[in-house]
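Chemist: Fold the stuff below for me.
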Amino acid sequence: MNIGLIGLENSGKTAIFNALTGSTAEVASYHSGKMEPNIAIVEVLDERIEKLTAMYQPKRTIHATIEFIDFVGLSEGSAQSGLFSGSAMNMIKTADALAVVLRNFHEETIDQVLGDPNPLGDIDSVASELILSDMIIVEKRLEKIATDIKKGKKTPELQAEEKVLQILIEKLNDGIPIRNVELKPDEEKSIHGFQFLTGKPLMAILNSDESNYGRNGSVIDGIKKTFPVIEFAGNFEMELSQLEPEDAEAFMQDMGITQSARSRLTTFAYDMLGYLSFFTVGEDEVRAWTLRKGENAVAAAGTIHTDLARGFIRAECFTYDDLMEFGSEKGIKEHGKHRLEGKTYLVQDGDILNIRFSV
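Modeler: Here you go, the predicted model:
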């Protein structure tokens, strides 16, 4: 899974990035001129894989991971000025989800330039920039299609694509993001390659002062009307990420923070995106894998390796909870909790799978 952090300039994106990843990327109260994003890959903290490792004593343990990408801050007209182009655009297109960081803190230098924090106004501005970016892409593609048709390159596929794009431009002009446009499966297929920004799941991160953290119910309620939202005390939690765990926990308790920023956002993102974790276990390796809810055993096999999906026969399956209850795979079998599942089995969070296959 990868999540792109976006937001207006001076929203504190990089502080949030550092808090989530333990990085020390430069944080500045001005535009540094840097266009390249900060990137870090972190392990998904899951106590289940730690307990599985203790039980199986494997040669190696591999956690699921999340890649965080901290993109350059946006300003009014970003979509037209090129911040949504080139390598940055190619990278942002690959993000599974976007997280908009909203300034909800005071800093003298920033306040003098931008005024008091206005998270509700800021998220509207970012949403508008994303819509404008997609409009530009759709309009350019429609112009290209019109040119091709004039040259005699009129095909059923091109006509189908043009029809869908005309639907999208109409919705975008009305301020409706593509994620909220109902399309038929064949229509979605015709535009799949575009990876529109407003087609991606979007969450909001309210970046608050240490002094007002946890006291922003009305703001959060306002954001929730449009987007899922989670609150962080960005600068404070960035500092926490640099401390030893014992020291960080003491400060977290003072703030009423029960989990690290990374753990909270991971849980939030998994819920919002509809992800689950399944496991493979053995003497060689214990590993966590990420899958979308509603995907079947063949999809899980393909996540592990394409050959397993291609030659899928059955999935040996039992649950993490049953393993903890009965203490061993032998106990699982003795209590009739070991199952063989076919291709259509919908994988559940906490399933432990062993794929039977033949190629």
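Chemist: Over to Leu276. Which of the three states is it?
Modeler: strand (DSSP: H, G, I helix; E, B strand; the rest coil).
Chemist: So for it, what's the pLDDT?
Modeler: On pLDDT, Leu276 comes in at 96.
Chemist: quick one, what contacts the closest residue to it other than its chain neighbours?
Modeler: Distance criterion CB to CB, 6 or more residues apart in numbering; nearest residue to Leu276, sequence neighbours excluded, is Asp349 at 3.7 Å. Using the backbone N, CA and C atoms, a C-beta is placed for each residue, glycine as well. By CB atoms under 8 Å, 6 or more residues apart in numbering, Asp349 lies in contact with 276-278, 293.
Chemist: Most neighbours among these, please name it.
Modeler: Compared across these, Phe278 has the highest neighbour count, 26 neighbours, by other CB atoms under 10 Å.
Chemist: so what's it bridging to?
Modeler: Beta-bridge partners for Phe278, by DSSP bridges, are Trp289.
Chemist: going forward can the numbers begin at 192, since that is how I track them
Modeler: Shifting the count to begin at 192 puts that one at Phe469.
Chemist: My read is that it contacts Asn545, right?
Modeler: No. In this structure Phe469 lies outside contact range of Asn545 using CB atoms under 8 Å: 11.0 Å.
Chemist: Break the chain down into its domains, please.
Modeler: As assigned by automatic domain parsing, the chain contains the domains 193-236+252-308+392-462, 319-389, 485-548.
Chemist: Of all these, which one is nearest Val477?
Modeler: Among the domains of the chain, domain 193-236+252-308+392-462 comes nearest to Val477, with 5.0 Å by CB to CB.
Chemist: can you tell me the distance between the two ends of the closest one?
Modeler: Terminal residues of domain 193-236+252-308+392-462 are spaced 14 Å apart (CA to CA, to the nearest Å).
Chemist: One more: stretch 484-499?
Modeler: 20 Å.
Chemist: Please apply the same query to stretch 291-307.
Modeler: OK, stretch 291-307 end separation, CA to CA: 18 Å.
Chemist: try stretch 367-382
Modeler: 17 Å.
Chemist: pLDDT of that stretch, averaged?
Modeler: 93.
Chemist: which parts of that stretch are buried?
Modeler: For stretch 367-382, the neighbour count (16 or more other CB atoms under 10 Å) marks 368-369, 372, 378, 381-382 as buried.
Chemist: what comes into contact with it?
Modeler: 318, 321-322, 325, 348, 351-352, 354-356, 358-359, 362-363, 387, 389-393.
Chemist: Now with 7 Å, please.
Modeler: 322, 325, 351-352, 355-356, 359, 362, 387, 389-392 (CB atoms under 7 Å, 6 or more residues apart in numbering).
Chemist: Show only the entries of those found in strands.
Modeler: Under the assignment DSSP state E, the contacts of stretch 367-382 contribute nothing to strands.
Chemist: and those residues, which of them are in helices?
Modeler: The helices, defined by DSSP state H, take in 322, 325, 351-352, 355-356, 359, 362 from those.
Chemist: most surrounded residue in the residues you listed?
Modeler: Result: Leu359 is most packed of those (other CB under 10 Å), 25 neighbours.
Chemist: How much space separates Leu236 from Val317?
Modeler: 29 Å (CB to CB, to the nearest Å).
Chemist: Show the low-confidence segments of the chain, by residue range.
Modeler: For the chain, applying pLDDT under 70 flags the ranges 219-226, 267-279.
Chemist: just the strands in it please.
Modeler: Under DSSP E, the chain gives strands at 193-197, 229-234, 251-253, 256-261, 288-295, 393-399, 420-423, 466-471, 476-483, 503-510, 530-532, 542-548.
Chemist: In JSON lines: the ones you listed, plus distance to Ala460.
Modeler: Shown next, in JSON lines, are the strands of the chain (distance: least, CB to CB, whole Å):
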{"stretch": "strand 193-197", "distance to Ala460": "6"}
{"stretch": "strand 229-234", "distance to Ala460": "12"}
{"stretch": "strand 251-253", "distance to Ala460": "19"}
{"stretch": "strand 256-261", "distance to Ala460": "7"}
{"stretch": "strand 288-295", "distance to Ala460": "6"}
{"stretch": "strand 393-399", "distance to Ala460": "7"}
{"stretch": "strand 420-423", "distance to Ala460": "9"}
{"stretch": "strand 466-471", "distance to Ala460": "7"}
{"stretch": "strand 476-483", "distance to Ala460": "11"}
{"stretch": "strand 503-510", "distance to Ala460": "23"}
{"stretch": "strand 530-532", "distance to Ala460": "27"}
{"stretch": "strand 542-548", "distance to Ala460": "20"}
